[in-house]
Each structure stands twice: as structure tokens, then as C-alpha cells.
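# This is a predicted model, with the sequence first.
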Amino acid sequence: MDDFTFWDILSNLLDATVWTIVLSLIAFVSGGVVGLILLFLRTSQVPWLEMPTKLYIEFFQGTPLLMQLFLFFFGVALFGIEVSPWLAAWLALTFWTSAFLTEIWRGCVESIPKGQWEASSSLAMSYIEQMRYVILPQAVRIAVAPTVGFSVQVVKGTALASIIGFVELTKAGTMLNNVTFKPFLVYSLVAAIYFCLCFPLSWYAKRLEGRLNVAR
């Protein structure tokens with residue numbers, strides 16, 4: 001429609017971008033907290049802790065994020081609990097993010113030489129103390145770059161939340177396209193905004209990886 005100018009479309013998309021950023025940040029932070037807890041369980045070498053954690057990771061890594069969104073939005077409603085699109089998107093993205101971050105961080109922890117574990121064990125440190133004082137400080141340097149890199153996937157993953165009615169950048173683009181009938185313009189702007197969000201993160205992750213490799 002002629003009522004919508006280029007700037008009208010852009011301003012509406014930028015407003016929706018704020019919610020994409022907010023959802024990405026909240027999902028990444030909460031997913032990181034859950035992922036850190038799962039990391040301790042996954043590397044504990046206690047079978048009854050490791051097995052449920054491994055199943056959790058396999059489920060959320062092995063099933064589409066879209067299906068997980070449907071489960072949280074429609075599945076929970078079967079038990080008489082009303083879930084808003086915002087809550088469903090936050091929960092699904094949090095659990096999905098935590099599963100991937102746990103495996104990224106596990107790889108970083110397991111890359112620490114075995115001698116570090118043996119040395120800290122000889123000092124009568126508990127598993128928690130070993131992780132806190134010896135292993136994690138070293139693993140963090142390795143984990144920073146892939147963790148920042150994965151944040152790009154979280155940003156792009158928020159686009160699927162549009163399926164359950166959460167109004168973020170992709171959903172706003174669809175709504176504007178239905179009103180303006182200018183798909184090329186609308187979706188070009190949507191793609192450009194996603195690029196502006198994701199490219200700096202990808203660039204920073206590569207730069208961090210290079211700097212940390214040199215430092216090591």
C-alpha cells in the first residue's frame with residue numbers, strides 16, 4: 001500500500017529488532033546458566049548424573065528448534081497451563097542454547113591436559129574445587145571464541161519464534177509484507193538487519209580465536 005513509506009517500514013522493523021535482541025540476550029544468558037550447571041553434571045564422571053544430562057543434550061540437539069517451540073507453546077497447554085508466545089520462546093531457546101553450550105564447553109574442558117586434573121587431585125581438591133580453581137580458568141580462554149560464535153545461531157534462532165506468534169523481526173517482516181505487498185523491499189530490509197546483528201558477532205569470534213591462539 002502507498003500509505004507505508006520506506007521509512008515507515010524500516011522504523012517498524014527496527015522496533016521489532018529490539019525484541020529480537022532482547023530475546024537473544026535473555027535466551028543466551030539463561031541458556032548459559034543452565035549450560036554451566038549441565039557442564040558440571042556432564043563431566044562429573046558419576047553415571048546417574050551423566051546419563052540424564054546426556055539424554056537432555058541429545059534431545060535438544062537432535063530435534064528441530066521449531067518442534068521444541070511447538071512443544072512449549074502447544075504441548076504445555078494440554079495440561080491446562082496457558083503459555084504466552086514470549087514465555088514459550090524464552091524456554092525453548094534457553095533449553096536449546098544450553099544443550100549446545102554444554103557440549104561446546106565440555107570440549108573445552110576436556111582439552112585441558114590430564115596432568116592438570118592429576119595435579120589438582122594430588123592437592124586433595126574436590127571435583128568442584130578442581131573445576132573452579134584449575135580447569136575452568138584455563139578452559140574459559142578456549143571457550144570464549146566458540147561461545148561468541150554460537151551467539152549468532154541464537155540470534156538467527158529467534159526467527160522461528162514468529163511461528164508461535166511472537167512478534168520479533170521476522171514476524172514483523174511478514175506482517176508488513178501482508179500490508180504493503182512489497183516482499184522484496186521488506187525481506188531485503190529484514191535480511192540486512194539480521195546481517196547487521198550477526199556479522200559483528202561472527203567477526204569478533206574469529207578475531208578472538210586468532211588472538212587467543214597467538215596468546216597460547
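Received, thanks. Keep in mind that what you see is a predicted model, and the values were worked out from it rather than measured. Residues are numbered from 1 along each chain as shown.
# From the contact counts, what lies against the helix ranked longest in the chain?
Looking across the chain with DSSP state H, the single longest helix is helix 6-42. When contacts are defined as 3 or more C-beta pairs under 8 Å, 6 or more residues apart in numbering; DSSP states H and E, helix 6-42 sits against helix 47-62, helix 85-110, helix 136-157, helix 169-180, helix 183-215. Heads up, the C-betas are built off the backbone N, CA and C, glycines and all.
# Pick the most deeply packed of the ones you listed.
Of all the helices and strands packed on helix 6-42, helix 85-110 carries the top mean neighbour count, a mean of 21, counting by mean count of other C-beta atoms under 10 Å.
# ok and it relative to helix 47-62, angle-wise?
In terms of direction (axes from the mean of the first three to the mean of the last three C-alpha atoms, to 10 degrees), helix 85-110 departs from helix 47-62 by 120 degrees.
# returning to that earlier point: average pLDDT for the longest helix of the chain?
Helix 6-42 carries an average pLDDT of 96.
# likewise stretch 162-182?
Mean pLDDT, computed over stretch 162-182, is 94.
# So what would you say the end-to-end distance of that stretch is?
When the termini of stretch 162-182 are compared using C-alpha to C-alpha, to the nearest Å, they are 19 Å apart.
# Please apply the same query to stretch 108-117.
Using C-alpha to C-alpha, one end of stretch 108-117 lies 14 Å from the other.
# That one: which residues count as buried?
Across stretch 108-117, burial judged by 16 or more other C-beta atoms under 10 Å covers 108-109, 112, 117.
# Show me the contact partners of it.
39, 43, 130-131, 134-136, 138-140, 142-143, 146 (C-beta atoms under 8 Å, 6 or more residues apart in numbering).
# rerun that using 10 Å as the cut-off
Stretch 108-117 is touched from outside by 39-40, 42-43, 119, 125, 127, 130-131, 134-147, with contacts defined as C-beta atoms under 10 Å, 6 or more residues apart in numbering.
# Output the buried residues of stretch 108-117 in TSV; the columns should cover pLDDT and distance to residue 74.
Formatted as TSV, the buried residues of stretch 108-117 follow (pLDDT from 0 to 100; distance: C-beta to C-beta, whole Å):
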residue	pLDDT	distance to residue 74
108	92	36
109	92	37
112	89	42
117	84	45
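# May I see those arranged in TSV, with distance to residue 189 as well?
Converted to TSV, the buried residues of stretch 108-117 look like this (distance: C-beta to C-beta, whole Å):
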residue	distance to residue 189
108	37
109	42
112	45
117	51
